[in-house]
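Enquirer: Here is a sequence together with a model predicted from it:
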Amino acid sequence: MQVQDHDEFSELDHRRHSSCAHEVRSSARCRRPAAQISASDPADTRRTGDFSVGASVHHSPGVDTLLFLDAMRRGGITAITRLRLDAALYEPAPPRPPGTIGRPRTKGARLPSLSDVLADASTGWQATVVPGWYGAGEHTLEIASATAVWRHGGLPIVPIRWVLVRDPENRFAPQALLCTDLDREPVQIVSWFMRRWSVEVTFQEARAHLGVETQRQWSDKAIARTTPCLLALFSIVTLLASRLPTRERTRVTAATWYAKPKPTFVDALAAVRYALWREQASVLSCRQRHRPKRRFVLPRPWAYALCQAA
């Protein structure tokens, strides 16, 4: 099993969200995880979410993350998430000679922080072409990677493979990722990390337009019933939009202050609403010749305004 974290490279995320109205704003410490199952190996499950590398107000940085990563590792799940550039990394503990007295060592020598590795001119960077870069095709990145032990006083020891990523075009600030599977290739780690993008957008759109997490219910069971229904409604709207004529499902509604080249979920939702409202749900039977009341036809301007308003 593999688990991936949220946060596309933050700066790029913010720009893309701002231009496409897809900004993913969630809790600063915990965002929704979502499972992804490998097609080649059903047991190879990857979860995408943000178990943030920060900490709660009452803990030091990295405390919550280390506890979470250790629990995942003990459960046989490989986790992928962001890593702080100032995280305390060490070499693995050296072998313990027979007959040694005292508690066994948990770490080796302190390693340079990732911020120092980033600034070091001798760092070996590997230029890598990453396919499917957030829907924009191939993109070239520079990657440096190694293994280490992440440790914080009084917390579990977590062996990791860290991956330092920077953009030759400086479109986003350098970022660090970690993976608890030390045998994974750095390029594969980056590719898995990017896959959370569609999952995060789905949750954000469902929350903004369908009311997920905004239900005013006092019962946990009621929330547990309505949330899956709302997520299912997202899929239903998507499937209905895919069956609409090409001209209707590709219609894009954009504000004057930014350009939106492709339709988003809000456009699909408006198209489905218009298609449903256009149908006369309460018409009389077609076998009845005499119609006492004239059918009401929703004017196009009204339909457009109502579809976009909700």
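Expert: Looks like it came in fine. Numbering: from 1, shown residues only.

Enquirer: can we go C-alpha only for contacts and neighbour counts from here?
Expert: Noted.

Enquirer: what's the burial count for the spatially closest residue to residue 166 that is not a sequence neighbour?
Expert: Excluding the flanking residues, the one nearest residue 166 by CA to CA, 6 or more residues apart in numbering is residue 174, at 4.4 Å. Neighbour count for residue 174, taken as other CA atoms under 10 Å: 19.

Enquirer: same deal with residue 197?
Expert: Residues near residue 197, counting by other CA under 10 Å, number 19.

Enquirer: next one: residue 183
Expert: Residues near residue 183, counting by other CA under 10 Å: 10.

Enquirer: Look up how far residue 147 lies from it.
Expert: Residue 183 sits 9 Å away from residue 147, going by CA to CA, to the nearest Å.

Enquirer: Averaged pLDDT, the longest helix seen in the chain. What do you get?
Expert: The longest helix of the chain (DSSP state H) is helix 220-242. The average pLDDT for helix 220-242 rounds to 90.

Enquirer: pLDDT (mean, whole number) over stretch 86-94?
Expert: Averaged across stretch 86-94, pLDDT comes to 90.

Enquirer: So for it, what gets flagged as buried?
Expert: Across stretch 86-94, burial judged by 16 or more other CA atoms under 10 Å covers 87-92.

Enquirer: and what of stretch 261-281?
Expert: Here stretch 261-281 shows 264-275 as buried, counting by 16+ other CA under 10 Å.

Enquirer: name the element the nearest residue to residue 82 once chain neighbours are set aside belongs to?
Expert: Closest residue to residue 82 apart from its sequence neighbours, by CA to CA, 6+ apart: residue 177 at 4.3 Å. Using DSSP states H and E, residue 177 falls within strand 175-179.

Enquirer: With just CA atoms, put that strand into CSV.
Expert: Taking Å, rounded to 0.1, in the frame of the first residue of the first chain, the C-alpha atoms of strand 175-179 are listed here in CSV:
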residue,chain,number,x,y,z
GLN,A,175,10.0,21.4,-2.3
ALA,A,176,10.9,18.2,-0.5
LEU,A,177,9.0,15.0,-0.4
LEU,A,178,9.4,11.9,1.6
CYS,A,179,8.5,8.2,1.0
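
Enquirer: on that earlier part again, packing partners of the longest helix of the chain?
Expert: Packing contacts for helix 220-242, counted by 3 or more CA pairs under 8 Å, 6 or more residues apart in numbering; DSSP states H and E, involve helix 196-210, helix 265-278.

Enquirer: Which helix or strand lies directly C-terminal to the shortest one?
Expert: Remark: after helix 265-278, the chain's next helix or strand is helix 300-309, criterion DSSP H and E.

Enquirer: Correct me if wrong: the residue nearest to residue 166 contacts residue 165.
Expert: Yes. Between residue 174 and residue 165 there is a contact under CA atoms under 8 Å: 5.6 Å.

Enquirer: Thank you kindly, that will do.
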